[in-house]
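[1] build me a model from this:
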Amino acid sequence: MPQTSPNIGQATLTLQSGTLDVFQPDHLSTKSLRGVHFAFRAYDCLWQIALPLLHLNKRLQQGWTERTLTSAPPRSDLWIQAASVGEAYLVRELLKHCPTDRPLHLLLTSNTDQGLGILKECQQQYSISHPRITIHCTSFPFDRPRIMTRALDAIRPRLLVLLESELWPGLLRACKEKNVRTLLINGRITPGSLKHYRIWPGLWRMLRPDRVLAMSEADRKRFLLLFGPAGIDTMHNIKFDHLLAEHEDNKQPSPLSERLNPQLPFLILGSIRKEEEEQVGQLIKVLLEREPQLIIGLFPRHLHRVQAWQQRLSGLDLPWQLRSELNQPAKSGQVIIWDTIGELRAAYTLAQAALVGGTIARQGGQNFLEPLRCGLKPVIGPHWANFRWVGEEIITQGLVRQVDDWREAAVQLLEDLATPTDRNAIQEQARSYFQARQGGGQTAWEAVEQLLAREAS
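    Predicted coordinates for the structure are as follows:
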């Protein structure tokens, strides 16, 4: 029988073969315990049914033995889970604060191949600069309860660190069973997610991490509603540490210079989503009517929308050309449809104005910090919930301009085109904004050290 934590009751439940130990607060009723028992049995059975179907997915076939724990990870002191690319970059910032004066075995996992690739870069870097730190990288196991139990039996971590919104019930249940402490850093939870979690509040209070560091006061309040008051605080978003590091590296000349005449105005419509295409089409028409010499770089958020844009612009009687066919400097009064990837940042460094999509329609927003790092103050619409962590101050300080609709966007963009751009000044303002909010990585690592010390005692 696993050892329990103080002040926590235990319900021992049978799950097919073996034992499923679920820890519950002592005050929960027998009816609630039965409900939890049924939920985890059903959750395990759903995974059993889903696994053969998931194996058909080519992306998931990569690292399949690791995802199913056919190949078990090594024993580690600290397990850090990063869902994908964004979280993997945060792990890199977190590890900058890892001490070098003692040995430490780390297990880094990710759900995606791209995220795993970034973690492996960290592994290579630290094998040289931090020889006393041992890092192993692998794919995150499927959250089937019996798989997670086996994972913790193999890894035997002293602490599990999750990032942002990583609330896996199978994993959290196994941590309670095995008395493994858990820490959620850079925590975020949307109002919609909170609403779904609170369908069964008792379950999530049982599974709650030992400590939560939320990325904003609004997120902290939502975590309080979900988990209760103990152990929930705020921290600076680690993304600001990452943004500052990227900002300092963003000094390379643009490879697009030969394709864009510096004497002609150039404007970017970046990461445009399907849901706002009609409005952005009208915006393009107005911009070219008012500024006939303008070159517009149109970057659809998804490449499969390129053909739809060809049809839309032709229907509006607007001239366009595919980026892949642009072999000489672009002509004035033309829309370049970017049907290639990897050049949006380079294009921002040459533009005089930019609108970032996902914000005109209710899509949560796209990355409007990218043009800012390139010395360009972007225009966004009213919908940027996915980036609220940046803070309203970025609007009040004028680093990003928010408009209500595409018509206001047209007015602001035309004004930007008529105003000289001081890229160095804008980059310095952005650097100051990021710098004032950095330090999240240090705060998070201090929480890691505190929980490791508590576990050791």
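[2] alpha carbons only for contacts and neighbour counts from here, please
    Will do.
[3] where in the stretch 151-300 of the chain is pLDDT low?
    Residues of the stretch 151-300 of the chain meeting the criterion pLDDT under 70: 246-253.
[4] could you pull out the strands in it for me?
    Ranges of strands in the stretch 151-300 of the chain, per DSSP state E, counting those that start in this stretch, are 159-163, 181-187, 211-214, 232-234, 266-272, 295-300.
[5] to Q366, which of the ones you listed lies closest?
    Closest approach to Q366 among those (C-alpha to C-alpha): strand 266-272, 6.6 Å.
[6] other SSEs contacting the closest one?
    Packing partners of strand 266-272 (3 or more C-alpha pairs under 8 Å, 6 or more residues apart in numbering; DSSP states H and E): strand 295-300, helix 344-348, strand 353-356.
[7] determine which of those approaches L159 most closely.
    Ranking the helices and strands packed on strand 266-272 by proximity to L159 (C-alpha to C-alpha) places helix 344-348 first, at 37.7 Å.
[8] tell me what that closest one is packed against?
    Helix 344-348 makes packing contacts with strand 266-272, helix 369-373 when contacts are defined by 3+ C-alpha pairs under 8 Å, 6+ apart.
[9] could you dump those to JSON lines with distance to I155?
    Shown next, in JSON lines, are the helices and strands packed on helix 344-348 (distance: least, C-alpha to C-alpha, whole Å):
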{"stretch": "strand 266-272", "distance to I155": "41"}
{"stretch": "helix 369-373", "distance to I155": "38"}
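[10] and A50, which of those is closest to it?
    Closest approach to A50 among these (C-alpha to C-alpha): strand 266-272, 33.3 Å.
[11] tabulate the CA atom coordinates of the closest one in PDB.
    Written as PDB, here are the backbone C-alpha positions of strand 266-272 (Å, rounded to 0.1, in the frame of the first residue of the first chain):
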ATOM      1  CA  PHE A 266       4.900  47.500 -47.600                       C
ATOM      2  CA  LEU A 267       2.200  46.300 -45.200                       C
ATOM      3  CA  ILE A 268       1.600  42.900 -43.600                       C
ATOM      4  CA  LEU A 269      -1.600  41.100 -42.800                       C
ATOM      5  CA  GLY A 270      -0.300  38.400 -40.600                       C
ATOM      6  CA  SER A 271      -1.800  35.000 -39.500                       C
ATOM      7  CA  ILE A 272      -5.200  35.700 -41.000                       C
END
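[12] what angle do it and strand 295-300 make?
    Here the directions of strand 266-272 and strand 295-300 differ by 10 degrees (axes from the mean of the first three to the mean of the last three C-alpha atoms, to 10 degrees).
[13] which ones are touching L90?
    Neighbouring residues of L90 by C-alpha atoms under 8 Å, 6 or more residues apart in numbering: 238-239, 242, 441.
[14] which helix runs longest in this protein?
    Of all segments of type helix in the chain, defined using DSSP state H, the longest is helix 30-54.
[15] okay, buried residues for it please.
    Of the residues in helix 30-54, those buried under the neighbour-count criterion (16 or more other C-alpha atoms under 10 Å) are 33, 36-37, 40-41, 43-44, 47.
[16] turn the contacts of L90 into JSON lines, including distance to P255.
    Shown next, in JSON lines, are the contacts of L90 (distance: C-alpha to C-alpha, whole Å):
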{"residue": "I238", "distance to P255": "30"}
{"residue": "K239", "distance to P255": "27"}
{"residue": "H242", "distance to P255": "24"}
{"residue": "G441", "distance to P255": "33"}
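[17] just among the residues you listed, which is most surrounded?
    With neighbours taken as other C-alpha atoms under 10 Å, the top of the contacts of L90 is G441, carrying 28 neighbours.
[18] quick one: which of the contacts of L90 sit in helices?
    238-239, 242, 441.
[19] out of those residues, which one sits closest to F368?
    Distances from F368 to these, taken by C-alpha to C-alpha, are shortest for K239, at 13.7 Å.
[20] skip the chain neighbours and tell me the closest residue to that closest one.
    In space, and not counting its chain neighbours, K239 is closest to L90: 6.5 Å by C-alpha to C-alpha, 6 or more residues apart in numbering.
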